[in-house]
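*Asks:* pasting the structure only:
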């Protein structure tokens, strides 16, 4: 596998959107830090707990754009899930040693919160 | 000015975060289409009505990442406003003839809705 950030984040994206969480986690650093809409997520276990339930209910995902350089990459994609037909997201990641070490994760929580008020 | 998408979107970003809405609109196509969290925005007048109130209350913005190719560009940045201390956003744009013709705009509406329930 390539250590280039864009290749790493695309492999990670293919894995989690294919619901292969173990494979997706192979691209996540043990000490990953992710700034997500609900706050900071620290460590691979917490990241997995953040990602796995969403991947489990994923109906489909469509890549919109993907760019990267030697240190970082950005992917923008749309997701379809039972509560939200179109839930676009952006992930801006920093890759070290072939794994995502930092991620800025952007999506709109409002439609998810509206569908499941107890989770907002 | 350069017609390269990344240069166009950076000039647009500098203008609107500097609260120069007229200058920012110079980089927006008359028939712009923007898919924003609340739905599709069509036309420059509607886009200005979407952007101007947010720019007016902006305290500051910090660029996180910016990438582009010959057709499109992505910028990821954080914003600070009175209701939301950190409101990151991503804009994925298609540029034609030096102007933004299409934009996919991603940010989390939830903290803004929580601060101003009547606007949610």
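*Replies:* Done, it's in. What you see is a predicted model; the values in this text were computed from it and never measured. Numbers count the residues shown, from 1 in each chain, chains lettered A, B, ... in the order given.

*Asks:* and the closest residue to residue A:25 other than its chain neighbours, how far is that from chain B?
*Replies:* Leaving aside its sequence neighbours, residue A:25 sits nearest to residue A:48 (Cβ to Cβ, 6 or more residues apart in numbering or on different chains; 5.8 Å). (Each C-beta comes from the backbone N, C-alpha and C, glycine too.) Using Cβ to the nearest Cβ, to the nearest Å, we find residue A:48 at a distance of 22 Å from chain B.

*Asks:* by contact count, what packs against the strand or helix carrying residue A:48?
*Replies:* Applying DSSP states H and E as the criterion places residue A:48 in helix A:44-56. Helices and strands touching helix A:44-56, by 3 or more Cβ pairs under 8 Å, 6 or more residues apart in numbering or on different chains; DSSP states H and E, are helix A:5-17, helix A:21-25, strand A:28-36.

*Asks:* if we can go back for a sec, what sits against the residue nearest to residue A:25?
*Replies:* Contacts here follow Cβ atoms under 8 Å, 6 or more residues apart in numbering or on different chains; on that basis residue A:48 touches A:21, A:25, A:28.

*Asks:* could you redo the last one with a cut-off of 10 Å?
*Replies:* Residue A:48 makes contacts with A:16, A:21, A:22, A:24, A:25, A:28, A:32, A:41, A:55, as judged by Cβ atoms under 10 Å, 6 or more residues apart in numbering or on different chains.

*Asks:* possible to save those residues as CSV with neighbour count and pLDDT?
*Replies:* Shown next, in CSV, are the contacts of residue A:48 (neighbours: other Cβ atoms under 10 Å in any protein chain shown; pLDDT from 0 to 100):
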residue, neighbour count, pLDDT
A:16, 22, 97
A:21, 15, 98
A:22, 8, 98
A:24, 23, 98
A:25, 21, 98
A:28, 22, 98
A:32, 23, 98
A:41, 20, 98
A:55, 19, 97
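
*Asks:* host element of the residue most central in space within chain A?
*Replies:* Nearest residue to the geometric centre of chain A (Cα atoms, centre = their mean): residue A:91, 6.2 Å. Here residue A:91, judged by DSSP H and E, is contained in strand A:89-96.
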